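**Q** heads up, no residue letters with this:
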């Protein structure tokens, strides 16, 4: 029994909504250090947690880092910001990111964080139909964050590193504790940032780029999620999530070799298809010293013009900008309209971006409002059907963009404050039910994105890259 381990999952849409019920997916190691996810068992105990306590990448900068840290306040190049951390979101960039230009610190954002993620699985059979983890709402990315003590010799973060602790956490007894070295910050070279050769004179100039990386890693049972915020020298902000760890597997029936809702990753072992649907909350204040109240959000579509009198040679395309005046009009999918949908099928160069602009501050060259643009990344549709419990609870993933007025009441988690035993979405679905005007509202941006994971067994670094233990650490391969 010491080689058996249980993988607890939250149950959504449980018939016993008033109790904390969890299924325990069961696995068995062949030895103490074996990968148990390779050996799922066909046993799924259901546990009432209310009454049961036990279950019957190296960059080297010779000049040193160019960031300055005072407590949790960071200054790097032209950027300044605070590093925050809490039990649910994990890393948060707070207290107004500012960018220094022409001697003035220009406000960019009040608060930026990853506020929810849903991981629905594709298998419709019991008990797998209930597999949908809300890793922020169910578990908490701060609670599941890694303490990077064992990595200080140079595993996950390399170069000149500054660590930040995760402060004011609480254990299962409600006792506060500090998660040491929960957040890693380092600077890295990102290669060529700009280059041009004047072919007439052969004059050649180039610039290399650097970025500041602020990151943390959460282990949510089998999956590791590595979250990276990037600040660039030109004022760009980037965010990347790396998905790694282990697949959630189940045992197949004898002779079953082509699982319908997964991928065979070993004899009798199925890795179920699933999605990872994320939501970021961006409280912007672009050049607005009063908190972003006067910001406006718009959508820009770059569309080709049909050949005709306006485009006789068929080469024309233009950018169409649409202001999102209200909560309802700001509910956006990539290619939301029928016309746009058709164009996207016929021409892949159609593009959606969103602009968060300050109407009261004009760019000195274009004479148009200054703005940040949000460039969408991966945006698969939520594949759960309307009316399903997953569709209802992960309602934030049914759109790529949401915009809400800033509220004095805390509106932070798009699936709601208490996800586990809720039957519906008590977050964005409720906050956007009324079509409120966005003018002078201090709009908050919610951006949903994700990946559809059809599992594939090759290209696994743990298998394809041999361990290479360095002299300084036996824990870093």
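**A** Structure's in. What do you need? In this text, all values refer to a predicted model and were calculated from it rather than measured experimentally. Residues are numbered from 1 along each chain as shown.
**Q** is it true that residue 433 lies in a strand?
**A** No - counting by DSSP: H, G, I helix; E, B strand; the rest coil, one finds residue 433 to be coil, located in no strand.
**Q** That one and residue 370: what is the separation?
**A** 32 Å (CB to CB, to the nearest Å). For the C-beta atoms, the positions are set from N, CA and C on the backbone; glycine is no exception.
**Q** Tell me which helix or strand comes right after the host helix or strand of residue 24.
**A** Secondary structure from DSSP states H and E places residue 24 in strand 21-28. Note on strand 21-28: by DSSP H and E, the next helix or strand toward the C-terminus is strand 46-48.
**Q** What strands line up against that next one, and which way round?
**A** Applying DSSP bridges to the sheet, strand 46-48 is found paired with strand 21-28 (antiparallel).
**Q** Helices of the stretch 201-350 of the chain, start to end?
**A** 338-346 (DSSP state H, counting those that start in this stretch).
**Q** which residues touch the residue nearest to residue 323 when sequence neighbours are not counted?
**A** Counting by CB to CB, 6 or more residues apart in numbering, residue 323 lies nearest to residue 298, which is 4.8 Å off, once chain neighbours are set aside. Shown in contact with residue 298 (CB atoms under 8 Å, 6 or more residues apart in numbering): 321, 322, 323, 324, 354, 355, 357.
**Q** biggest separation within these, which pair?
**A** Pairwise distances across the contacts of residue 298 peak at 12.8 Å for 322 and 357 (criterion: CB to CB).
**Q** out of those two, which sits in the more crowded spot?
**A** For residue 322 versus residue 357, neighbours defined as other CB atoms under 10 Å are more numerous around residue 357 (24 against 11).
**Q** Output the below-cut-off pLDDT ranges for this structure.
**A** By pLDDT under 70, the weakly predicted segments of the chain are 13-18, 51-64, 149-154, 335-351, 455-477.
**Q** So in terms of bridging, what pairs with the nearest residue to residue 251 once chain neighbours are set aside?
**A** Distance criterion CB to CB, 6+ apart; nearest residue to residue 251, sequence neighbours excluded, is residue 40 at 4.3 Å. Per DSSP bridges, residues listed as beta-bridge partners of residue 40: residue 27.
**Q** With residue 8 instead?
**A** Assigned bridge partners for residue 8, using DSSP bridges, are residue 24.
**Q** okay, now it: neighbour count?
**A** 14.
**Q** give me every residue that touches it.
**A** 22, 23, 24, 25, 47, 221.
**Q** out of these, which is most surrounded?
**A** Among the contacts of residue 8, residue 25 has more neighbours than the rest - 24 neighbours, counting by other CB under 10 Å.
**Q** And the closest residue to that one other than its chain neighbours, how far from residue 308?
**A** In this structure, residue 25 finds its nearest non-sequential neighbour in residue 7, 4.2 Å apart by CB to CB, 6+ apart. Distance, residue 7 to residue 308, by CB to CB: 60 Å.
**Q** which one of the two has more residues nearby?
**A** Legend: neighbour count by other CB under 10 Å for residue 7 and residue 308, higher for residue 7 (18 against 9).
**Q** for the more buried one, what are its contacts?
**A** Residue 7 neighbours (CB under 8 Å, 6+ apart): 24, 25, 26, 27, 221, 222, 248.
**Q** tally of neighbours for the third one?
**A** Around residue 26 there are 20 other residues, counting by other CB under 10 Å.
**Q** can I assume it is in contact with residue 39?
**A** No - counting by CB atoms under 8 Å, residue 26 does not reach residue 39; the two are 9.7 Å apart.
**Q** Assign a three-state SS to the residue nearest to residue 130 when sequence neighbours are not counted, would you?
**A** Distance criterion CB to CB, 6+ apart; nearest residue to residue 130, sequence neighbours excluded, is residue 11 at 5.4 Å. Secondary structure of residue 11, reduced to three states by three-state DSSP: coil.
**Q** Domains in this structure, by residue range?
**A** Per automatic domain parsing, the domain ranges recorded for the chain read 1-56, 65-464.
**Q** what's the most buried one of these?
**A** Highest mean neighbour count among these (mean count of other CB atoms under 10 Å): domain 65-464, with a mean of 17.
**Q** For it, what is the distance to the chain centroid?
**A** Averaging C-alpha positions (CA atoms, centre = their mean, to the nearest Å) puts domain 65-464 4 Å from its chain's average.
**Q** do the same with stretch 24-39
**A** 29 Å.
**Q** Neighbouring strands of the strand ranked longest in the chain in the sheet, and parallel or not?
**A** Using DSSP state E, we find that the single longest strand of the chain is strand 176-198. Counting by DSSP bridges, the strands paired with strand 176-198 are strand 161-170 (antiparallel), strand 203-220 (antiparallel).
**Q** Just send these back as CSV, with distance to residue 230 too.
**A** Below are the strands paired with strand 176-198 laid out as CSV (distance: least, CB to CB, whole Å):
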stretch, distance to residue 230
strand 161-170, 16
strand 203-220, 5
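**Q** And those strands: which comes nearest residue 107?
**A** Comparison of those against residue 107 by CB to CB identifies strand 203-220 as nearest, at 18.2 Å.
**Q** List the residues that contact residue 327.
**A** 402, 403, 404, 405, 432, 434, 435, 436, 438.
**Q** can you put the contacts of residue 7 in TSV and add distance to residue 280?
**A** Output for these, formatted as TSV (distance: CB to CB, whole Å):
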residue	distance to residue 280
24	32
25	30
26	35
27	33
221	23
222	23
248	24
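**Q** ok, so of those residues, who is nearest residue 158?
**A** When the contacts of residue 7 are compared against residue 158 (criterion: CB to CB), the nearest one is residue 222, at 25.9 Å.
**Q** Could you find the closest non-adjacent residue to the closest one?
**A** Closest to residue 222 by CB to CB, 6+ apart is residue 246, at 4.2 Å.
**Q** Thought residue 37 was touching that neighbour, still the case?
**A** Yes - between residue 246 and residue 37 there is a contact under CB under 8 Å: 4.6 Å.
**Q** tell me, what's touching the two both at once?
**A** residue 222.
**Q** Kindly check the end-to-end length of stretch 265-281 for me.
**A** Terminal residues of stretch 265-281 lie 36 Å apart, using CA to CA, to the nearest Å.
**Q** Over to stretch 358-366?
**A** 14 Å.
**Q** likewise stretch 136-145?
**A** Note: stretch 136-145 ends 11 Å apart using CA to CA.
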